[in-house]
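Q: Got a predicted structure plus its sequence, pasted below:
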Protein chains: 2
Amino acid sequence: MSLVVLGTVALDHVKTPSGVKKDMLGGSASHFAMSARLFTDIHLVAVVGRDFPLKHLEFLKRKGIDCTSLTVSNGKTFRWRGEYKKDDLNTALTLATELGVLQTYVPVLKEHQKSLPNIFLANIDPDLQLALLEHFKSPRLVGLDSMNLWITHKQKSLRRLMKKVHLFVANDGEARALSGENNLIMAARRLRAMGPRMVVIKKGEHGVLFYSDQGMFSFPAYPVDHVVDPTGAGDTFAGGLMGYLSKAGKLDDKTLRKALLYATTVASFNVQGFGMARTATLTMRDIEERMKGLIRFFALT
Amino acid sequence: MSLVVLGTVALDHVKTPSGVKKDMLGGSASHFAMSARLFTDIHLVAVVGRDFPLKHLEFLKRKGIDCTSLTVSNGKTFRWRGEYKKDDLNTALTLATELGVLQTYVPVLKEHQKSLPNIFLANIDPDLQLALLEHFKSPRLVGLDSMNLWITHKQKSLRRLMKKVHLFVANDGEARALSGENNLIMAARRLRAMGPRMVVIKKGEHGVLFYSDQGMFSFPAYPVDHVVDPTGAGDTFAGGLMGYLSKAGKLDDKTLRKALLYATTVASFNVQGFGMARTATLTMRDIEERMKGLIRFFALT
């Protein structure tokens, strides 16, 4: 079943201990789509400016991503500049953001896209997420991601949105900030009470915690000994999760556990290259093989 | 097979969001022994002062812990005073330590204990750990724990010791500090290169990572939503690990994985009560039951 993602398409300037890359294709929706396309057909809803390099657009299309609702506006593409220091590769230091065309963006959908069943609202202003969600006729599965900026400055909109989604994805810091709980089990419980019946807390190198009324489970992350660039790992994770759930067409416990294993696996590839370089070359065979290693990593015997 | 532990026996004064407790039985060796006794017979090697309450000694003996080599010296028992704040229950803030009889302690063993096969050098001055280890004739399995204080001030002794042990246990912060590596896989690899052929990195609420030349594995922690007092959780974990390995009498992959599951399970009980209150009342039946829940927590289906 088809999947729609709303989020950012960005030009990233990233510095990590492994090097520096300028004008890379980035953004929450791009990373998500590059991962989700491995599992299902994916529609991108986002905006870029007239400075957006044609090669990036062609690249997205070549990877099978539907760009029908990728708006091209007068102005500059959203830019993010960040750095990761050697002693804490988990934390992005934002050096600069230029919103550009994001400032005036109103998401639009083609008529035939309004009946698509699966939606992911990747990290972007929650008011835009709310606006897009209203266009869908009868969504089957709606997932949501956010960030500390919106938790701090637009919590009211975010809270309103949380009542309308089925699955909420957050990293541990965001989960703690939004719930006001330090203990992650308690944090997950509070987030669940805010609306979404499934809560996924990403713990970076420590893996993932899933919480619902039916139960909790947790998997460790795949062990990566050399992280090149963590940018987009969370979006790549969410793309694998929603991609597999859209493909599977069901939400039972077994399917959810499997979806989180796929998500964990795809995210582990993402951090091994700059931007989406590694994710873009992935095949299902690469994923299946590494997933076997992941399963072995926490097997009982 | 029997197990010997060297470490501290302390009187703890602990404040957590759940309350305050004074003059509690604490210390690395006490917590370790209270956990290990559930799996095998355990010999305690430690020192207390003449102010040590008789009730604590009787309590240790009643729990089946061999106190033959618990020295009683003139002077005061080691005291630790600490606090855990609501927003970070993983980090103990040390408010005061009074070394007392620890300052002049020289560990001694009874003749018959020198041929015991399994040894754990719980957190204490590495020079004392080295001194004790020399008394053993032909140890089968030697485990070692330490802390940041010794990594900073006695790293030379600690490094010498690491060449003589089979298994090294550290929390994530200690592993990073001693190895100089932020990535935990790389940190484990460096620690392995320092001597011990098995490295166990405890990640608190995030579970555990095991590393050896034969392979790596990782388990999440049992989900505890209300932590009363984390004091001694690491020692309780090590007690379960070494206790099970001593009982099993082998070190194959399957046994190691099972030992770490037992360790994780016992540690999860420890944090649910002050001091060793909860660990002291545990039965193997409680442990087996919770371990089923833990296994379900990261099961594939």
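A: The structure has been received and is ready for your questions.
Q: Could you measure from A:F168 over to chain B?
A: Going from A:F168 to chain B by C-beta to the nearest C-beta, to the nearest Å gives 18 Å. (C-beta placed from N, C-alpha, C; glycine too.)
Q: Was I right to think A:A267 contacts A:P230?
A: No - in this structure, A:A267 is not within contact of A:P230 by C-beta atoms under 8 Å, at 9.3 Å.
Q: Which one's more surrounded, those two?
A: Each of A:A267 and A:P230 has its neighbours counted (other C-beta atoms under 10 Å in any protein chain shown); A:A267 has more, 29 against 21.
Q: and the more buried one, how far is that from B:K61?
A: Using C-beta to C-beta, to the nearest Å, A:A267 is found at 52 Å from B:K61.
Q: what do you get for A:S115?
A: 73 Å.
Q: what does A:K163 give?
A: From A:K163 to B:K61 the distance is 58 Å (C-beta to C-beta).
Q: Next: A:L25.
A: From A:L25 to B:K61 the distance is 68 Å (C-beta to C-beta).
Q: what does A:M162 give?
A: In terms of C-beta to C-beta, A:M162 sits 55 Å off from B:K61.
Q: now do A:A259
A: 52 Å.
Q: Just want to know which of the two has more residues nearby.
A: Shown here are A:A259 and B:K61; by other C-beta under 10 Å, A:A259 has more neighbours (23 against 13).
Q: Any residue of stretch A:213-221 touching chain B?
A: Yes - applying C-beta under 8 Å from any C-beta of the partner chain, one finds that stretch A:213-221 is in contact with chain B at A:M216, A:F217, A:S218, A:F219, A:P220.
Q: Would you mind listing the buried residues in that stretch?
A: Across stretch A:213-221, burial judged by 16 or more other C-beta atoms under 10 Å in any protein chain shown covers A:M216, A:F217, A:S218, A:F219, A:P220, A:A221.
Q: From those residues, pick the one nearest B:L102.
A: The closest of the buried residues of stretch A:213-221 to B:L102 turns out to be A:P220 (C-beta to C-beta; 37.4 Å).
Q: for that closest one, what are its contacts?
A: A:H206, A:G207, A:F297, A:F298, B:G207, B:L209, B:S218, B:F219, B:P220, B:F298 (C-beta atoms under 8 Å, 6 or more residues apart in numbering or on different chains).
Q: just A:D286 next, same as before
A: Per C-beta under 8 Å, 6+ apart, neighbours of A:D286: A:F269.
Q: On the three-state scheme, whichever residue of the stretch 51-200 of chain A sits closest to chain B is what?
A: Closest approach between the stretch 51-200 of chain A and chain B, counting by C-beta to the nearest C-beta: A:I185, at 4.1 Å. For A:I185, the secondary-structure state derived from DSSP: H, G, I helix; E, B strand; the rest coil is helix.
Q: hang on, isn't it packed against A:M216?
A: Yes - counting by C-beta under 8 Å, A:I185 does reach A:M216; the two are 7.1 Å apart.
Q: what's the overlap in contacts for these two?
A: What both A:I185 and A:M216 touch, as defined by C-beta under 8 Å, 6+ apart, is the set A:L209, B:P223.
Q: The host helix or strand of A:M216 packs against which elements?
A: Using DSSP states H and E, A:M216 maps to strand A:215-219. Other helices and strands packing on strand A:215-219, by 3 or more C-beta pairs under 8 Å, 6 or more residues apart in numbering or on different chains; DSSP states H and E, are strand A:208-212, helix A:253-270, helix B:284-297.
Q: average pLDDT for the first one?
A: Spelled out, that is strand A:208-212. If you average the pLDDT over strand A:208-212, you get 98.
Q: swap in the last one?
A: In this model, helix B:284-297 has an average pLDDT of 97.
Q: Same question for that helix: list its buried residues.
A: B:I287, B:R290, B:M291, B:L294, B:F297.
Q: dump the residue contacts of the fourth one.
A: The contact partners of B:L294, by C-beta under 8 Å, 6+ apart, come to B:F219, B:Y222, B:L261, B:T264, B:T265, B:S268.
Q: repeat that with 10 Å
A: A:S218, B:G207, B:F219, B:P220, B:A221, B:Y222, B:P223, B:L261, B:Y262, B:T264, B:T265, B:S268 (C-beta atoms under 10 Å, 6 or more residues apart in numbering or on different chains).
Q: coming back round to it: ok, and the closest non-adjacent residue to the residue of the stretch 51-200 of chain A closest to chain B?
A: B:D225 (4.1 Å; C-beta to C-beta, 6 or more residues apart in numbering or on different chains).
Q: how near is the one you found to A:D41?
A: From B:D225 over to A:D41 (counting by C-beta to C-beta), the distance is 40 Å.
Q: ok, A:G240 - how many residues close by?
A: Neighbours around A:G240, by other C-beta under 10 Å: 28.
Q: right, I mislabeled it, should have said A:G100
A: What A:G100 shows, counting by other C-beta under 10 Å, is a neighbour count of 21.
Q: Over to the one 3 residues further on?
A: Other residues within reach of A:Q103 by the criterion other C-beta under 10 Å amount to 13.
Q: from what I can see it touches A:F78, true?
A: Yes - counting by C-beta atoms under 10 Å, A:Q103 does reach A:F78; the two are 9.1 Å apart.
Q: Can you check which residues contact both of these two?
A: Joint contacts of A:Q103 and A:F78 (C-beta under 10 Å, 6+ apart) are A:V47.
Q: Quick one: closest of the helices and strands packed on strand A:215-219 to B:K86.
A: Judging these by C-beta to C-beta, what sits closest to B:K86 is strand A:208-212, at 20.4 Å.
Q: For the closest one, name the packing helices and strands.
A: strand A:167-171, helix A:172-179, helix A:184-193, strand A:198-202, strand A:215-219, helix A:233-248, helix A:253-270 (3 or more C-beta pairs under 10 Å, 6 or more residues apart in numbering or on different chains; DSSP states H and E).
Q: can you give me the angle it makes with helix A:172-179?
A: With axes from the mean of the first three to the mean of the last three C-alpha atoms, to 10 degrees as the basis, strand A:208-212 and helix A:172-179 are set at 30 degrees to each other.
Q: can you give me the angle strand A:208-212 makes with helix A:253-270?
A: 150 degrees.
Q: Now do the buried residues in strand A:208-212.
A: A:V208, A:L209, A:F210, A:Y211, A:S212.
Q: Among those, which one lies nearest to chain B?
A: Of these, the one sitting nearest to chain B (C-beta to the nearest C-beta) turns out to be A:L209, at 7.8 Å.
Q: wait, isn't that closest one in contact with A:M186?
A: No - the criterion here is C-beta under 10 Å, and A:L209 misses it with A:M186 at 11.6 Å.
Q: Around chain B, pick out the residues from the stretch 1-150 of chain A.
A: Contact residues, the stretch 1-150 of chain A versus chain B (C-beta under 10 Å from any C-beta of the partner chain): A:P17, A:K85, A:K86, A:D87, A:D88, A:L89, A:N90.
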